[in-house]
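# Have a look; sequence and predicted model below, questions after that.
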Amino acid sequence: MSTLSGKTALITGASSGIGLATANMLTEKGVRVIGCARRKEALDQAMQALPGESLAATLDVADTQSVNMLLSRLPEDWREIDILINNAGSDVGGRQRFDQGRLQDWLGTIETNVSGLMQVSALLLPGMLDRGDGHIVNIGSTQGLTGVAGCAAYAASKHAVHGFSETLRQEYAGKGIRVSEVLPGMVRTEFAATRFSSEERGRTFYDDYGQSLEADDIARCIVFALEQPPHAVVSQIVMVPDHA
Ligand code: NAP
């Protein structure tokens, strides 16, 4: 039996990709999963198909009101959240030179990937601190370690996630709250389709790239970080595809 069994995890961006794969793996291990995302129908369907106990909660991480109402919208016995997976993220309008893209898209990427992640963390951290127990896993990116032309806002957002994760881990060290960051390279998900607002372009983007990771590969990294004993903190896991 997993050490995670019986815990409650909240996963942002659980309607597809890495978030959904993680929800699947965690419910299999007996974790009660609260899946959050904006697309209600996709989220409801995804949560209903999970092998274990789950709940769907519509949430826009970039919307302060939506985040602030989140806990009060959950049934009372789901409000003590042990694990937060800060996974929601996007790069809408990305893969364009900075001056050629739309400023409002760049700012939207920062709002979702940085402000959103901070807002959800701020909501759940007080409960974790009161209980002296919690684990936050932030989904960064290899673009949090380097830059890629065409991705200025996205790389900036993931550098921020990296700095935020490193700092939180130090701030809560010894207080029962562990902070881990998982930094994936290319993963084949709905991410590219959302970036280009086109399923077809999303598909050809991954086809042209060649070998990518799968969402399950990253879910395994997240579960590995979560399953370590209390004295061991996985600070970062970087996983990249075997791509020439
Ligand atoms: P994905 O399949 O597009 O999933 C993104 C998830 O985030 C969806 O469930 C989406 O759901 C949700 N989301 C987006 N904006 C949101 C918002 N404002 N509020 C709430 N939920 C929101 O892509 P993915 O690859 O699994 O991405 C997951 C994370 O991995 C992201 O942080 C991404 O930056 C990171 N990552 C991905 C790759 C890659 O190559 N795919 C590489 C490195 C890191 P709704 O649209 O229903 O809200």
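That came through, no problem.
# Please make it C-alpha for all contacts and neighbour counts, starting now.
Noted.
# Longest strand in this structure, please.
strand 177-184 (DSSP state E).
# Now do the most centrally placed residue in the chain against the ligand, distance only.
By C-alpha atoms, centre = their mean, the chain has its centre lying nearest to Asn87, at 0.7 Å. To the ligand, Asn87 is 5 Å away according to C-alpha to the nearest ligand atom, to the nearest Å.
# start the count at 11, not 1, going forward
Noted, 11 is the first residue going forward, which turns the last one into Asn97.
# so that residue touches Gly29, yeah?
Yes. At 6.2 Å, Asn97 and Gly29 qualify as touching, with contact defined as C-alpha atoms under 8 Å.
# Find residues that contact each of the two.
Counting by C-alpha atoms under 8 Å, 6 or more residues apart in numbering, the contacts common to Asn97 and Gly29 are 21-23.
# Tell me the one of the residues you listed nearest the ligand?
Gly23 (3.3 Å; C-alpha to the nearest ligand atom).
# Local confidence estimate at Ala254?
Ala254 is assigned 81 on the pLDDT scale.
# okay, now it: neighbour count?
5 (other C-alpha atoms under 10 Å).
# now swap in Tyr219 and tell me
Neighbour number of Tyr219 under other C-alpha under 10 Å is 11.
# so who does it touch?
So Tyr219 contacts nothing (C-alpha under 8 Å, 6+ apart).
# Let me see the contact set for the closest residue to Glu63 other than its chain neighbours.
Distances taken as C-alpha to C-alpha, 6 or more residues apart in numbering place Arg42 nearest to Glu63, at 5.1 Å, with adjacent residues excluded. When contacts are counted by C-alpha under 8 Å, 6+ apart, Arg42 is found next to 16-19, 36, 62-64.
# For Arg42, name its beta-bridge partners.
Note on Arg42: beta-bridge partners by DSSP bridges are Thr18.
# Any buried residues in the longest helix belonging to the chain, and which?
Counting residues, the longest helix in the chain under DSSP state H turns out to be helix 162-181. For helix 162-181, the neighbour count (16 or more other C-alpha atoms under 10 Å) marks 162-172, 174-176, 179 as buried.
# Need the pLDDT of the residue nearest to the centre of the chain.
pLDDT, read off for Asn97, is 98.
# Just give the closest residue to Gly23, not the sequence neighbours.
Ala98 (4.0 Å).
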